[in-house]
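Asks: Please find the sequence and the predicted model below.
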Amino acid sequence: MTDATTSELTPDPVLTAQPESRVWKKFRSHKSALLGGFLVAFFVLIALAAPLLPIPDPAATDWGAVRKAPSWAHWMGTDEIGRDVMARMIWGAQASLLAGVVSVGIAVIAGVPLGLVAGYFGGWTDAVISRCTEALLAAPFLILAIALAAFLGPSLTNAMIAIGISATPIFIRLTRGQVINIKSEDYVDSARAIGLPTHRILSRYILPNVLPPILVQATLTIATAIIAEASLSFLGLGQQPPAPSWGSMLNTAKNFLNQAPWMAMWPGLSIFLVVLGFNLLGDGLRDALDPREH
Amino acid sequence: MVLSNLTLRFKGQENDVVQDVSLRVRRGEILCVVGESGCGKSVTSMAIMGLLPKSATQISSGRMQISSDEWHLVTDRLPAALRGNEVAMIFQEPMTSLNPAFRIGDQIAEVVQRHRGGSRSAALDRAEVMLQRVGIANPTQRLREYPHQLSGGMRQRVMIAMALANDPQILIADEPTTALDVTIQTQILDLIGDLRDETGMGTIMITHDLGVVAEIADTVAVMYGGQIVEQGPVEEVFRNPQHPYTIGLMSAMPRLDRPGERLAIVPGTVPTISNMPDGCRFRTRCAFATSHCATRPQLTDVAPEHGVACHYVPLEKHVVVSA
């Protein structure tokens, strides 16, 4: 195709499609990704709508309805002090999603700039940042989060900070690797050849091109962070009672598994579904953003 | 622009990758630097642009002069304020030389704003003018497109538009046509020639293709193993090549006027940089080499401005043709 004549022809819809819409098209045709997106959207929706839904106060106790099985009055049953399990599950979604998003936000905000700097400048900067990253990665994710949360003191905020710090090295390492890849691309050389300053090259030429894998990793890490928050709350290091959280609901429920299995089932199922949702969504995004597949 | 006595090596290596290279480009002139892969031609152009990483390269001598400004390359490099402004560069691979994340209009506008300031819309107007000048139809629409929507030839035109957006005095083109097919190649060469005529910029074109040299160059510098072995006006060098390597290259070129003839080859391969011989670096492959060649020949003029780095120039006086 010669340059001069192309414009006279009818533009090819595939060629002229914007990259965003091509990604969207690929994403839409990915069934499990859609399912993941639907699950995530469902939980986000009930978490946001919690104050508006016609459900009982999640902290209101009812000594006349202790450990009642699911019924018309309490769709998901009640717990050991008569609180409505569905209400607690819905409000617990808030804590879980918030913990997932905020802690991954912390990890991205701290990890991506460090990875950019380490990957782009190399040398001593890289050595220092990479050794610290490896030291953090040497401790298992959950153990590190538990240790940090115990150190900071039990609260949902501290749990989010602890999970965020534990997840930071993942993003440092991923970003650094991507930057090392991208910085040898010709367009980075050509950015230097047009005299752009380093901060501009980092922000306009490197960062946008390392974002897709970071987005995928962030989605998948939200799932991990939600499990971590549930674990911390289960251990009493996260959301503090009486505020509802899936992890602390499970902790209480474990004492009544024989008498009131629904108490464990609903929060367990919720964790399972929301984590599955984020994982499917992340996989779908990875496939949709992967330039190698058509 | 004058580059004198550039010598540099990569850190941790014993031999210079570029040795004592001097180049001169006048206004409106196209200088082609030819040589095989790894002969140091690209490194030289990167050194001129100041793009070699300081941590990995060591420049032991070299001066560069553009108009009245002068730099000692051992300590200084071309300031970023001049890159893309006074001196611009286009690269070999148009497919990968544009940032895939931004529209091409934004990318051209960025160079304009970086060096000339002004508003974004003024910069975008300039980008549109430049696209028009490099022969892209529908520039208004193209400005809003992403690199992946353009063909290789068009992307190279965009690169040229970007390079010339600030009216540079010097354009360095590192194999700008190697990645393109032959018809597009001719179009791009014609475009560079036309723009040279329009703007009077000096051009350094790096290539390994003697066909390109013949088509576009005013002067030519032949490099081998990091040294310039022959340089001069293009007609003179093509008519009367004097260095054994240049002669080898010329006879290795297919010619339409001698169909069916077997092509000559330059025997052997280029030694790796750590195995480069002392003195004349071509001597391991040269049919005429003697022990004398272990000392380095200087560029000697055999005709006005036609320099050859060989102890045995003019060759016809030294070589006895045996029957």
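Replies: Okay, I see it. Just so we're clear, the structure is a prediction, and the values are computed from it rather than from any experiment.
Asks: for the closest residue to B:Met223 other than its chain neighbours, phi and psi?
Replies: Leaving aside its chain neighbours, B:Met223 sits nearest to B:Gly35 (3.6 Å; criterion: Cβ to Cβ, 6 or more residues apart in numbering or on different chains). To be clear about C-beta, it is placed using only N, CA and C from the backbone, and glycine gets the same treatment. When read as degrees, to the nearest 10, the backbone of B:Gly35 gives phi 170, psi 170.
Asks: these two touch, right, B:Gly35 and B:Lys41?
Replies: Yes: using Cβ atoms under 8 Å, B:Gly35 is in contact with B:Lys41, at 5.1 Å.
Asks: correct me, but B:Arg63 touches B:Met1?
Replies: No: the pair B:Arg63 / B:Met1 is not scored as a contact, 11.3 Å apart, by Cβ under 8 Å.
Asks: More neighbours: which of these two?
Replies: A count of neighbours by other Cβ atoms under 10 Å in any protein chain shown puts B:Met1 above the other of B:Arg63 and B:Met1, at 21 against 16.
Asks: what's that one in contact with, if anything?
Replies: Shown in contact with B:Met1 (Cβ atoms under 8 Å, 6 or more residues apart in numbering or on different chains): B:Leu23, B:Arg24, B:Val25, B:Met64, B:Gln65, B:Ile66, B:Val87, B:Gln169, B:Ile170, B:Gly202, B:Ile204.
Asks: buried residues in stretch A:185-197?
Replies: A:Glu185, A:Asp186, A:Tyr187, A:Val188, A:Asp189, A:Ser190, A:Ala191, A:Arg192, A:Ala193, A:Ile194, A:Gly195, A:Leu196 (16 or more other Cβ atoms under 10 Å in any protein chain shown).
Asks: What would that stretch look like as CSV? C-alpha coordinates only.
Replies: Backbone C-alpha positions of stretch A:185-197 (Å, rounded to 0.1, in the frame of the first residue of the first chain) are rendered in CSV as follows:
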residue,chain,number,x,y,z
GLU,A,185,13.0,0.1,22.4
ASP,A,186,13.9,2.4,19.5
TYR,A,187,11.3,4.9,20.5
VAL,A,188,13.0,5.6,23.8
ASP,A,189,16.3,6.3,21.8
SER,A,190,14.3,8.5,19.5
ALA,A,191,12.8,10.3,22.5
ARG,A,192,16.4,11.0,23.7
ALA,A,193,17.4,12.0,20.2
ILE,A,194,14.7,14.7,20.3
GLY,A,195,16.2,16.0,23.5
LEU,A,196,13.5,15.2,25.9
PRO,A,197,14.5,15.4,29.6
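Asks: is that stretch anywhere near chain B?
Replies: Yes: for stretch A:185-197, a contact with chain B is found by Cβ under 8 Å from any Cβ of the partner chain, at A:Glu185, A:Asp186, A:Tyr187, A:Asp189, A:Ser190, A:Ala191, A:Arg192, A:Ala193, A:Ile194, A:Gly195, A:Leu196, A:Pro197.
Asks: So which of the residues you listed are in helices?
Replies: The helices, defined by DSSP state H, take in A:Asp186, A:Tyr187, A:Asp189, A:Ser190, A:Ala191, A:Arg192, A:Ala193 from those.
Asks: how near is B:Leu8 to chain A?
Replies: The gap separating B:Leu8 from chain A is 18 Å, by Cβ to the nearest Cβ, to the nearest Å.
Asks: Pull out the buried residues from the longest helix seen in chain B.
Replies: Ordering each helix of chain B by length in residues (DSSP H) puts helix B:182-199 first. Neighbour counts using 16+ other Cβ under 10 Å place B:Ile184, B:Gln185, B:Thr186, B:Gln187, B:Ile188, B:Leu189, B:Leu191, B:Ile192, B:Leu195, B:Arg196, B:Thr199 of helix B:182-199 among the buried residues.
Asks: Pull up the pairing partners for the helix or strand following it, direction included.
Replies: Once the chain leaves helix B:182-199, the next helix or strand it forms, by DSSP states H and E, is strand B:202-207. Here strand B:202-207 has these sheet partners by DSSP bridges: strand B:30-34 (parallel), strand B:170-174 (parallel).
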